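**Q** give me a 3D structure for the following:
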Amino acid sequence: MTAKIAFSVFKEKYASDIRFWIVFFFVLRLYGITDPPIEISHSWRQSLTNMIARNFLEIDNNILYPRIDMDGNKTGIIASEFPLLNYLIYLCSEMFGYAHWYGRLINLLISSIGVFYFYKLIKRFFSHELAFYSALILLCSIWFAFSRKSMPDTFCMSLVIIGVYNGFNYLYDAKLRYLLAFFLFSSLAVLSKIPALYLLSILVIPLFDKNVKYNLKINIILAGMLILLVVYAWYFYWVPYLLATYGFQLYFPKHFMEGINELIQYGSDTLEKFYFSALQSFLAFALFIFGLFILIKQKQKLAFVIVVISTLFFILFIIKTGFVFSVHNYYVIPFVPVMAFVVAIAINSIKNKYWKVALVGLVIIESIGNQQHDFFVNKSEIYKLSLESIAEKVSLPDDLVAINGDKNPQHMYFLHRKGWTITNSNAEDSAFVDSIVCLGCKFLFMDKHSLSGMGTSTHKNKNIVFENEDFIVFSLRN
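**A** From the prediction side, this is the model:
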């Protein structure tokens, strides 16, 4: 009887309250939150985020000059997106000392708040039920895994959702604090990662609403132009300056036709980002298709316009990204809120409440099942955590080093040294090694797991200062 009463209370008070589920998913994803960035997927991008944050702490805390460790004997200053997440990690490090996991927790917190504002935004113009299902689908989509990574993707989208919510509030409630919040959160979102800009496109809709006062429309347009100005200053003035001055670039936008050709060339990979990566569930994608059909059949004008406008703007982002969109599953993250909204429309159209619950339950089980590996470190990568202790045995903190990590920053991050990440062939090329010695490189670290059968005979005359089953370290001192 007690169990029945408890279930009844849960059903009535919590089951349909999105705040309960946001907190539930937040707590669920705390498992393994302190793990270093060596899980199976995208540990390289997290290493880069943490690397920039650590350099704010150890070298220079000027937010205008993000820097990495793998730029050889140069400054390491990189032309990248605005390092807001990195800087928040730095601020935590100033207070508590540096740790790998701050970025994970910051992202999880902001992304959870973003889901709540996503719910509030949809509820304002549609219904609690549609908003509830939309937020629940978003929680278990690709956001489930990436909201606990030290990466700015769900972080920036959460900020822009908060910004858009406040933008709509200003247009319909005319309170200045909403306009200021719109400008602040939207600016920070798009600075953090420029694809977040596309979601601002749905604010075009109320500009055609006769019930919105003309002066409020003008103010939101001016605020939008100011956001664009801030973003332009960073991405089209400051980033080119950093690139021209320091010569290291994080991303490479494509020309329009170049992007289209690359997307066609990687056509199957591009489609996969939508039919699986985005929602991490084939059932959810089937519901997405059904939701599109419902939109058209039932002539849900507002929802249809939102989907069309946001899709058109997102397509422009895809084209500018080119094949990078096709080969990285997290590039679809900005579009996932739109897809979750359409899935919710499909679920909400079903009359039988038990079928609704069953479908949502199956989607959650499938989605989380496809992402459960994200809770665990990749055991085959654990050996890399010994790199810094090895480096401390053979080198000084300021010594420049090289390691065969190719373009992946992970090795250099765990080394906690400055220098070069090089290919296996370059590591075996004595002429190349001699060239970086001339630039100040003092040690060559060789990851035996990455050698792919290649030997180290080229350096047999060099002094081996450390060797175990994972690494061999050569001194390059003359």
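
**Q** how far away is the closest residue to residue 118 other than its chain neighbours from residue 114?
**A** Once flanking residues are discounted, residue 118 sits nearest to residue 161: 5.1 Å by CB to CB, 6 or more residues apart in numbering. (C-beta placed from N, C-alpha, C; glycine too.) Per CB to CB, to the nearest Å, residue 161 is found 5 Å from residue 114.

**Q** and if you look at residue 359?
**A** 24 Å.

**Q** ok, residue 474 next?
**A** 48 Å.

**Q** between those two, which one's more packed in?
**A** residue 114 (28 against 25; other CB atoms under 10 Å).

**Q** quick one: mean pLDDT over the strand or helix carrying that one.
**A** Element membership of residue 114 [criterion: DSSP states H and E] is helix 102-125. Here helix 102-125 scores 97 as its mean pLDDT.

**Q** can you list the buried residues in it?
**A** Within helix 102-125, the residues that count as buried by 16 or more other CB atoms under 10 Å are 102-108, 110-123.

**Q** burial check on residue 351, number of neighbours?
**A** 7.

**Q** whoops, I mixed them up, residue 212
**A** 18.

**Q** wait, is it part of a helix?
**A** No - per DSSP: H, G, I helix; E, B strand; the rest coil, residue 212 lies outside any helix segment and is coil.

**Q** ok, and the closest non-adjacent residue to the spatially most central residue of the chain?
**A** By CA atoms, centre = their mean, the mean C-alpha position of the chain lies nearest to residue 153, the distance being 2.6 Å. Excluding the flanking residues, the one nearest residue 153 by CB to CB, 6+ apart is residue 333, at 4.5 Å.

**Q** can I take it that that neighbour is in a helix?
**A** Yes - if the criterion is three-state DSSP, then residue 333 is within a helix.

**Q** residue contacts, it?
**A** For residue 333, the contacting residues are 142, 143, 146, 153, 154, 157, 278, by CB atoms under 8 Å, 6 or more residues apart in numbering.

**Q** now the host helix or strand of the fifth one, how far from the centre of its chain.
**A** Counting by DSSP H and E, the element that carries residue 154 is helix 153-173. Put simply, helix 153-173 sits 18 Å off its chain's centre (CA atoms, centre = their mean, to the nearest Å).

**Q** same check on stretch 261-270?
**A** Counting by CA atoms, centre = their mean, stretch 261-270 comes out at 22 Å from the chain centroid.

**Q** who's in contact with residue 154?
**A** Applying CB under 8 Å, 6+ apart, the residues near residue 154 are 107, 110, 111, 114, 143, 146, 147, 333.

**Q** now it: how far from residue 205?
**A** Residue 154 is 24 Å from residue 205, by CB to CB.

**Q** next: residue 318.
**A** As judged by CB to CB, residue 318 and residue 205 stand 22 Å apart.

**Q** roughly how far does the closest residue in space to residue 128 that isn't next to it in sequence sit from residue 291?
**A** In this structure, residue 128 finds its nearest non-sequential neighbour in residue 16, 7.9 Å apart by CB to CB, 6+ apart. With distances taken as CB to CB, residue 16 is found 20 Å from residue 291.

**Q** please apply the same query to residue 349.
**A** 8 Å.

**Q** so for these two, which residue has more residues nearby?
**A** Just comparing residue 349 and residue 291: by other CB under 10 Å the higher neighbour count belongs to residue 291, 25 against 18.

**Q** please point out which parts of the next helix or strand along the chain from the helix holding residue 114 sit buried.
**A** Downstream of helix 102-125, the next assigned helix or strand under DSSP H and E is helix 128-140. Of the residues in helix 128-140, 130, 131, 132, 133, 134, 135, 136, 137, 138, 139, 140 count as buried by neighbour count, 16+ other CB under 10 Å.

**Q** closest to residue 199 among the residues you listed?
**A** Among the buried residues of helix 128-140, residue 138 lies closest to residue 199 (CB to CB), at 13.1 Å.

**Q** show me what contacts that closest one?
**A** 115, 118, 336, 337, 340.

**Q** how about the helices in the stretch 151-300 of the chain?
**A** For the stretch 151-300 of the chain, the helices defined by DSSP state H, counting those that start in this stretch occupy 153-173, 176-192, 214-232, 239-246, 256-265, 267-272, 282-297.

**Q** in JSON lines, list the ones you listed along with mean pLDDT and distance to residue 416.
**A** As requested, those are exported to JSON lines (pLDDT from 0 to 100; distance: least, CB to CB, whole Å):
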{"stretch": "helix 153-173", "mean pLDDT": "97", "distance to residue 416": "25"}
{"stretch": "helix 176-192", "mean pLDDT": "98", "distance to residue 416": "26"}
{"stretch": "helix 214-232", "mean pLDDT": "97", "distance to residue 416": "33"}
{"stretch": "helix 239-246", "mean pLDDT": "93", "distance to residue 416": "21"}
{"stretch": "helix 256-265", "mean pLDDT": "86", "distance to residue 416": "36"}
{"stretch": "helix 267-272", "mean pLDDT": "93", "distance to residue 416": "35"}
{"stretch": "helix 282-297", "mean pLDDT": "96", "distance to residue 416": "41"}
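
**Q** and the ones you listed, which is most packed in?
**A** The highest mean neighbour count among the helices of the stretch 151-300 of the chain, using mean count of other CB atoms under 10 Å, belongs to helix 153-173: a mean of 25.

**Q** who touches residue 134 in this structure?
**A** Contacts of residue 134 (CB under 8 Å, 6+ apart): 118, 119, 122, 337, 340, 341, 343, 344.

**Q** farthest pair within the residues you listed?
**A** 119 and 343 (14.3 Å).

**Q** quick one, helices of the stretch 301-450 of the chain?
**A** So, for the stretch 301-450 of the chain - with DSSP H, counting those that start in this stretch - the helices run 301-321, 323-327, 336-348, 353-369, 387-394, 410-415, 424-428, 430-437.

**Q** what residues go with each domain of the protein?
**A** Domain assignment for the chain, taken from automatic domain parsing, gives 51-370, 379-475.

**Q** what's the distance between stretch 148-165 and the middle of its chain?
**A** 8 Å.

**Q** er, stretch 314-325 actually
**A** 16 Å.

**Q** also stretch 332-351?
**A** Relative to the chain's own centre, stretch 332-351 is displaced by 20 Å; criterion: CA atoms, centre = their mean.

**Q** the chain should start at 2 in everything you say after this.
**A** Renumbered: residue one is now 2, and that last one reads stretch 333-352.

**Q** could you tell me which residues within it count as buried?
**A** 333-351.

**Q** quick one on the thing from earlier: now the helices of the stretch 152-301 of the chain in TSV, with distance to residue 84?
**A** Putting those into TSV (distance: least, CB to CB, whole Å) gives the following:
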stretch	distance to residue 84
helix 154-174	12
helix 177-193	8
helix 215-233	15
helix 240-247	11
helix 257-266	25
helix 268-273	29
helix 283-298	33
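
**Q** okay, now the unreliable bits of this structure?
**A** 2-14, 252-254, 453-462, 479 (pLDDT under 70).

**Q** the residue lying closest to residue 195 once chain neighbours are set aside: neighbouring residues, count only.
**A** Among residues not flanking residue 195 along the chain, residue 236 sits closest, at 6.1 Å (CB to CB, 6+ apart). The number of residues packed near residue 236 is 19, by other CB under 10 Å.

**Q** and if you look at residue 312?
**A** 15.

**Q** residue contacts, it?
**A** 336, 339.

**Q** and the gap between it and residue 37?
**A** With CB to CB as the criterion, residue 312 and residue 37 are 38 Å apart.

**Q** nice, that's everything, thank you.
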